[in-house]
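Participant: Take this sequence and fold it.
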Amino acid sequence: MLLHYITALIIIVTGLIHLLANNDPNIGKLITANTYLYLGNMAIFLAALLYHTFNGIRVILIELVPDKCWTKLIGWAILLIGIATYIVGFQVLLMALGLI
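Facilitator: The predicted model follows:
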């Protein structure tokens, strides 16, 4: 549960940086001037957001089906779906920043 709280704080900080970069013209130029630093921020934002989301879904599913066999299956399924989603999201991020 501690990681859930930590990812919530990371989402707030990196989300604020993302909002400032896209909505405030003065600060946005400073943030987006270094493409790789902004890419790092967005990669961390994506990872924290996906972990927070999929961990919440995993907890809900485990509460619905509290069987040990299903718990393992749910955990592995969520992990594989999360990794696949991160790979696709990171590729979209690279294309959006013009790095691919």
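Participant: residue with max distance from the center of the chain?
Facilitator: Residue farthest from the centre of the chain, counting by CA atoms, centre = their mean, is residue 67 at 28.3 Å.
Participant: what's the weakest-modelled helix or strand in the chain?
Facilitator: Taking all helices and strands of the chain together, the one with the lowest average confidence (mean pLDDT, DSSP states H and E) is helix 25-32, at a mean of 78.
Participant: tell me which strands and helices that helix is in contact with?
Facilitator: Helices and strands touching helix 25-32, by 3 or more CB pairs under 8 Å, 6 or more residues apart in numbering; DSSP states H and E, are helix 2-23, helix 35-64. C-beta here means a position set from N, CA and C on the backbone, and glycine is covered the same way.
Participant: export the shortest one as CSV, just CAs?
Facilitator: Yep, that's helix 2-23 we're talking about. Written as CSV, here are the backbone C-alpha positions of helix 2-23 (Å, rounded to 0.1, in the frame of the first residue of the first chain):
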residue,chain,number,x,y,z
LEU,A,2,3.0,2.3,0.6
LEU,A,3,3.9,2.1,-3.1
HIS,A,4,0.4,3.1,-4.0
TYR,A,5,0.8,6.3,-1.9
ILE,A,6,4.2,7.0,-3.3
THR,A,7,3.0,6.6,-6.9
ALA,A,8,0.1,9.0,-6.1
LEU,A,9,2.7,11.6,-5.0
ILE,A,10,4.8,11.0,-8.1
ILE,A,11,1.6,11.4,-10.3
ILE,A,12,0.9,14.7,-8.7
VAL,A,13,4.4,16.1,-9.2
THR,A,14,5.0,14.8,-12.7
GLY,A,15,1.4,15.6,-13.7
LEU,A,16,1.9,19.2,-12.5
ILE,A,17,5.1,19.5,-14.6
HIS,A,18,3.1,18.1,-17.6
LEU,A,19,0.3,20.6,-17.1
LEU,A,20,2.7,23.5,-16.8
ALA,A,21,4.6,22.4,-19.9
ASN,A,22,1.5,22.3,-22.0
ASN,A,23,-0.6,25.2,-20.6
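Participant: which residues touch it?
Facilitator: Residues from elsewhere that reach helix 2-23 (CB atoms under 8 Å, 6 or more residues apart in numbering): 27-28, 31-32, 38, 41-42, 44-45, 48-49, 51-52, 55-56.
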